[in-house]
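S.K.: Just the structure for this:
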Amino acid sequence: MTPTPTTQHLSPEAINLLVNELPDYIKAALLKKSAELECSLEATIEMAISSFLDEEAFSFEDCLVARAPER
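M.R.: You can find the predicted model right below:
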């Protein structure tokens, strides 16, 4: 399998739209995790989504879902 390089990340605008729709306890947990990891909310959410799709992924680039199948 050949990785598909991507530089696409969640934008601050997309994060704001998403976070505004989340329950308060989820927002609080994400903000707490961001502070613990000393990273942005965008990065924390990207890590959460990536690790859900691929347990070994830390970002969208690491996620197996982001890799193109061999042809």
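S.K.: Run through this structure and note the low-pLDDT ranges.
M.R.: The chain contains residues with pLDDT under 70 at 1-8, 65-71.
S.K.: hmm, 80 instead?
M.R.: Within the chain, the stretches with pLDDT under 80 are 1-10, 58, 60-71.
S.K.: So which residues of the protein form helices?
M.R.: 12-21, 24-37, 41-53 (DSSP state H).
S.K.: got these as TSV, with distance to residue 61 and mean neighbour count columns?
M.R.: Bear in mind the C-beta positions are built from the backbone N, C-alpha and C, glycine included. Shown next, in TSV, are the helices of the chain (distance: least, C-beta to C-beta, whole Å; neighbours: other C-beta atoms under 10 Å):
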stretch	distance to residue 61	mean neighbour count
helix 12-21	17	12
helix 24-37	18	12
helix 41-53	9	17
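S.K.: JSON lines for these, including distance to residue 64?
M.R.: Shown next, in JSON lines, are the helices of the chain (distance: least, C-beta to C-beta, whole Å):
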{"stretch": "helix 12-21", "distance to residue 64": "22"}
{"stretch": "helix 24-37", "distance to residue 64": "22"}
{"stretch": "helix 41-53", "distance to residue 64": "7"}
